[in-house]
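Participant: Sequence and predicted structure are below.
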Amino acid sequence: MTNLIDYIKWRGDLSFEQDPFNEIDALLFASMCYVDLEGIVPESGEITLMDAADIYYQIHSREELESDKTFFRFSHQLLKEAASARRYKLLTLSHYVNHTDPASLIQFAVVTVRLSSSEIFIAFRGTDDTIVGWKEDFYLSYFTVPSEDEAVEYLTAIESGRSDRIMMGGHSKGGHLAIHAAMTVDEEIQNRVDAIFDFDGPGFNDEIRETKGFSKIAPTIHRYIPENSIIGRLLSDTAVPNIVFSCEKGVLQHDPVSWGIEGKKFLLLEKPSIASDVFDETLTSWLKAMSQDEKKQFIDDLFAVLEASGETKVTAIPKANLFEVKAMLDKMHSLRRDSQRVIRNLIRLFIDNWGEVLAAQKSLSEPKTPFSFLISSKRKQDTVKGDAT
């Protein structure tokens, strides 16, 4: 199986005139948007991708980038590979915006890539792998958030009065923002949108999908989700999704570099995993009958359980040790009884070692060994430490 990095090395010597823009190119730009280009790409004016990468690597040492453990650490390597490829290096980047305000639940970043004199790709940044970031994705599905308004303002500001043909997209939240911006802007701009690429982004409710703006841009949407998608299963699909194979498991399949590629296409599967379907059915049916206030409370409860682990990143939850899982279960038991069953079913989809958790719960319930859960956890941790030394 090949991935994005392999694709750049294989296809990077061909210009867009020789080999037209495709879905893998769209994923590349959506993924590179995670790179912090603050002070490198101007809001007005432009810079080649090659020059932007050169400045970026002058600012950040190799040691610093190699020590990066964030979910989007792959974006640095994508930028480096693309900057040396004929296909991408002379493309220009412009209109970079990066606005983050945690207090207002704003994590908004976007950059415009000029593909030719008449065509652009607008890449909206997705959510990071923090629990707070994923919580924003859940809010994004059921409430209006400031990032949506900023996406509309951005598209309006850079394309009003122009004649560019527009392609746009993003990974995770970025895909949702691209669709929201396209369906909300004036019709003159909508008429120039040729394609929207949504890579595992949260959907929209049925009311929004029935609007005139959405109906107009719906035929341009290309939607892709991994087999074990969670974020991409929130609310209704904006288009029939392509199910992409991933070499990762569980929530780690959200990583776009784990997605399989064959030539210029994704490696596709027939249907999502059972776990992804269970998540969709459980959450959708549960939230459908709720008021907005009840939905907010439920999302707050769900993420309070994840936060109880002590971890800050969703991608750390699958490998949670028994102490961390116990903390999550304790928090879950403090919530409203009607939420506990649903949250329990959702949490188990995040955790790889659920069988161990069930065994630990059973031992914890035995009256003669009330601390067996903690003892087994301690022994496990001591063994790991011993191996490490």
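Facilitator: In hand now; what should we look at? Bear in mind the structure is a predicted one, so any value in this text is a computation, not a measurement.

Participant: For stretch 166-186, buried residues please.
Facilitator: 166-185 (16 or more other Cβ atoms under 10 Å). Heads up, the C-betas are built off the backbone N, CA and C, glycines and all.

Participant: Same question for stretch 92-109.
Facilitator: In stretch 92-109, counting by 16+ other Cβ under 10 Å, buried: 92, 93, 94, 95, 96, 97, 98, 105, 107, 108, 109.

Participant: Need the max-distance pair from the residues you listed.
Facilitator: 92 and 105 (31.8 Å; Cβ to Cβ).

Participant: Would you check how far apart the most centrally placed residue in the chain and residue 156 are?
Facilitator: Per Cα atoms, centre = their mean, the C-alpha nearest to the average position across the chain is that of residue 172, at 2.9 Å. Distance of residue 172 to residue 156, computed by Cβ to Cβ, to the nearest Å: 23 Å.

Participant: Residue 249 too?
Facilitator: 41 Å.

Participant: Repeat that for residue 89.
Facilitator: 30 Å.

Participant: what does residue 162 give?
Facilitator: Residue 162 is 11 Å from residue 156, by Cβ to Cβ.

Participant: With residue 299 instead?
Facilitator: Taking Cβ to Cβ, one finds residue 299 at 30 Å from residue 156.

Participant: More neighbours: which of those two?
Facilitator: Each of residue 299 and residue 156 has its neighbours counted (other Cβ atoms under 10 Å); residue 299 has more, 18 against 14.

Participant: Assign a three-state SS to the residue lying closest to the more buried one once chain neighbours are set aside, would you?
Facilitator: Leaving aside its sequence neighbours, residue 299 sits nearest to residue 138 (Cβ to Cβ, 6 or more residues apart in numbering; 4.8 Å). The three-state label given to residue 138 by DSSP: H, G, I helix; E, B strand; the rest coil is helix.

Participant: Residue 138 contacts residue 234, correct?
Facilitator: Yes - if you go by Cβ atoms under 8 Å, residue 138 and residue 234 touch, sitting 6.7 Å apart.

Participant: Give me the contact list for whichever strand or helix holds residue 74.
Facilitator: Using DSSP states H and E, residue 74 sits in helix 74-83. Helix 74-83 is touched from outside by 4-5, 8-9, 12, 28, 31-35, 49-50, 52-54, 56-57, 60, 65, 68, 88-89, 255-257, with contacts defined as Cβ atoms under 8 Å, 6 or more residues apart in numbering.

Participant: What about those residues, which are in helices?
Facilitator: Counting by DSSP state H, the part of these found in helices is 4-5, 8-9, 28, 31-32, 49-50, 52-54, 56-57, 65.

Participant: Please enumerate the strands of the chain.
Facilitator: Using DSSP state E, the strands of the chain run over residues 46-48, 92-101, 106-116, 119-124, 165-171, 193-199, 221-226, 242-244, 261-262, 265-266, 268-269.

Participant: In a markdown table, list these along with distance to residue 346.
Facilitator: A markdown table is the format used below for the strands of the chain (distance: least, Cβ to Cβ, whole Å):
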| stretch | distance to residue 346 |
| --- | --- |
| strand 46-48 | 43 |
| strand 92-101 | 28 |
| strand 106-116 | 23 |
| strand 119-124 | 27 |
| strand 165-171 | 22 |
| strand 193-199 | 22 |
| strand 221-226 | 17 |
| strand 242-244 | 21 |
| strand 261-262 | 30 |
| strand 265-266 | 27 |
| strand 268-269 | 23 |
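
Participant: Quick one, which of those strands gets closest to residue 206.
Facilitator: strand 221-226 (15.9 Å).

Participant: Show me what that closest one is packed against.
Facilitator: Where contact means 3 or more Cβ pairs under 8 Å, 6 or more residues apart in numbering; DSSP states H and E, strand 221-226 is packed against helix 23-32, strand 193-199, strand 242-244.

Participant: Can you point out the buried residues in that strand?
Facilitator: Those would be 221, 222, 223, 224, 225, 226, for strand 221-226 by 16+ other Cβ under 10 Å.

Participant: This completes my enquiry, with thanks.
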